[in-house]
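[1] Need a 3D model of the following:
(one chain, ligands or ions: 1)
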Amino acid sequence: MNNLTKKVSELSKRRGFFFQSSEAYGGVAGFQTFGPEGAELKRNIEESWRNTFSRELGHREIQAPTIMPEPVFKASGHLDGFDDMIIECPECKSSIRADHLVEDNTEIEEAEGFSTEKIAEIIADHDLECSNCETSLTGIEVEDFNLMFETSIGPGNGQPGYLRPETAQGIFVEFPRLKEYARNQLPFGITQIGKAYRNEISPRKGLVRVREFTQAELEHFIDPDEDEPNLDKVQDVELKLYPVDKQGSGEYITKTVEEAVEEDIVHNWVAYYLGIAKKWYKEIGVDMDRFRFRQHQKGERAHYATDCWDAEAEIDGDWIEIAGFAYRGCYDLTKHHEHSREDFTIFKEYDEPVTKEKTVVQPDMGYLGPEYGGKAQKVAKKIGELAQNSPEEFEKEAVNVEVDGEKLEIPTDKCNFEVKEVTESGEHIIPHVVEPSFGVGRTVYTVLAHAYEEDEIDGEERRVLHLSREVSPTEVAVFPLMDKDGLGDKAQEIAAKLREKGFSVKYDDTGNIGKRYRRQDEVGTPVCVTVDYETLEDSPETVTVRDRDSTEQERVEISKLVDYLR
Ligand code: GAP
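    Below you'll find the model as predicted:
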């Protein structure tokens, strides 16, 4: 473990930010518990994200289940394609993520997009060894490993289900209801903050690669021919960009959002969200000198994405992906439209009615029902799609459609195919999706690592977290100099009043005052208020207020404390 990573992990364990789960039973890799400070910090980050990406943009938030049935993931492509590459050591049987092995031991920065064969070739060329027992891995097969956790829903053999690997699918599958809620008007955005699960091959670095984690995702549904982002809101925001053609050189380009769009470096919708995200990260305390947006290489992009940029934060020389911004096109809604029995389109009205030739079918349900039972509706839907996409097929005696992986042949005379002249007031379109997707745990970790500093105060070394006030778990700590002579009662009274006014307050009367300051510095409390003997003597009464970052102290009247803190 590198230096800063080690220090942040140690502090996090000792001060209750995050630590290995179920340690009493030996623990299991990839699961972390947020302690009292960490849970509060995480909640504050989530609340801040909610304000920025949901409320302020006029989007709405949903909460969908974390377990979903198998057909959802068959349709989304996760069952077939949500894989990482694995290689098993023939000696110690460790499972190793093969692309990471390559990245960690060669000059190659990004190997995720390579094929299993290419990775095996690189392993052989460099004679790479098992990271655990140093056995050579040359000639060992590299395989795909599906990252989803499978479960069984209901008693007995039940119905197969999966823990969602991204919160996004919970939004996509509910699109037919959500579009109704949005009164069939594009654009609209739906957000969700919740758990996602991935059976990672090699979990690592505390919160960075875990098997259960929180995502904050926004799915913005748009009409690609009509809807434009409100670039005015972010046009001057400067982005530090690491586009594909610069990767490997370590050189960045700095562009405003407006320039990045005009020069065709970033897709306009993606650039809009990069601008909003950059402002937000700065606000919650991510160090902008250790932050960049990196474009995905072609092979690295997820199966659904057409353009994708990651927000990355540097910690100990490693760049960690903390969020992804993808233009997902109409991939997801099209897949669910094809695989489910619901309609995932939006009816888009024309300015004026249009008359055109249209292919229509009226499948004979009296034939399809007895022939295909429960599948009859899906067969009819497929026939309808075929009529629109390939009308020439109906010139044959029978048409072929595929339903749930089964190839079916339907006599054309049971389809009632016709070409009609129709006047239409609009058309059904499948919306496109722009998706900013944030890892909350990785954000918490970045905020902690970037806030961490060691300095010297009055000749004494201190560890301090310069957390932004927006997210610090405690806003103000209140101490009595000593718990006697009425100082404790006065301090309790002040703490209660501040809590009443909505501050998150910690009361501490144990140990000497210097130690109490150090404790609060280590959990990032921006302000400490101390009640001392002067408090009782002064009229009006005053307290000492100490600033975490400068450690300067000043006296403030108790009656003005709330305004002062605000
Ligand atoms: N819906 C898109 C999606 O899930 P992703 O890039 O796979 O995209 C989004 O994940 C974010 O979730 C990442 O940028 C990262 O911050 C976080 N994330 C992904 N896998 C993670 C893991 N195993 N542990 C912690 N965070 C993870």
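
[2] measure residue 480 to residue 499 for me?
    Per Cβ to Cβ, to the nearest Å, residue 480 is found 16 Å from residue 499. Where C-beta positions appear, they are placed from N, C-alpha and C, glycine not excepted.

[3] out of these two, which sits in the busier spot?
    Neighbours per residue, other Cβ atoms under 10 Å: of residue 480 and residue 499, the larger number sits with residue 480, 24 against 14.

[4] wait, isn't residue 486 in contact with residue 536?
    Yes: Residue 486 is within contact range of residue 536, at 6.5 Å (criterion: Cβ atoms under 8 Å).

[5] Pick out the residue in this protein sitting closest to the ligand.
    Closest residue of the chain to the ligand, Cβ to the nearest ligand atom: residue 439 (2.0 Å).

[6] burial measure for that residue, as a count.
    For residue 439, the neighbour count with other Cβ under 10 Å is 25.

[7] start at 744 instead
    Shifting the count to begin at 744 puts that one at residue 1182.

[8] What residues does it make contact with?
    Shown in contact with residue 1182 (Cβ atoms under 8 Å, 6 or more residues apart in numbering): 956-958, 1064-1066.

[9] Of those, which ones also sit close to the ligand?
    956, 958, 1064-1066 (Cβ under 6 Å from any ligand atom).

[10] I'd like to know how far the closest residue to residue 796 other than its chain neighbours sits from residue 900.
    Leaving aside its sequence neighbours, residue 796 sits nearest to residue 961 (Cβ to Cβ, 6 or more residues apart in numbering; 5.2 Å). Separation of residue 961 from residue 900 (Cβ to Cβ): 37 Å.

[11] Return the residues of the stretch 994-1143 of the chain in contact with the ligand.
    Residues of the stretch 994-1143 of the chain lying near the ligand (Cβ under 6 Å from any ligand atom): 1064-1067.

[12] er, the chain I mean
    Going by Cβ under 6 Å from any ligand atom, the residues of the chain near the ligand are 909, 911, 941, 943, 952-953, 956, 958, 960, 1064-1067, 1178, 1180, 1182, 1184-1185.

[13] Mind listing the strands the strand or helix carrying residue 1143 pairs with, and their directions?
    Assigned by DSSP states H and E, residue 1143 belongs to strand 1141-1146. Strand 1141-1146 has these partner strands in its sheet, going by DSSP bridges: strand 1149-1154 (antiparallel).

[14] Show me the shaky parts of the stretch 894-1043 of the chain.
    Residues of the stretch 894-1043 of the chain meeting the criterion pLDDT under 70: none.

[15] ok, how many other residues are close to the residue nearest to residue 796?
    26.

[16] I'd assumed it was in a strand, is it?
    Yes: under DSSP: H, G, I helix; E, B strand; the rest coil, residue 961 sits within a strand.

[17] Quick check: bridge partners of it?
    residue 934.

[18] Please identify the buried residues of the top strand by length along the chain?
    Criterion DSSP state E: the longest strand present in the chain is strand 1089-1103. Of the residues in strand 1089-1103, 1089, 1091, 1102 count as buried by neighbour count, 16 or more other Cβ atoms under 10 Å.

[19] which residues touch the nearest residue to residue 1268 once chain neighbours are set aside?
    The spatial neighbour of residue 1268 that comes closest, neighbours along the chain excluded (Cβ to Cβ, 6+ apart), is residue 1217 at 4.4 Å. Going by Cβ under 8 Å, 6+ apart, residue 1217 touches 780, 783, 1247-1249, 1263, 1266-1268.
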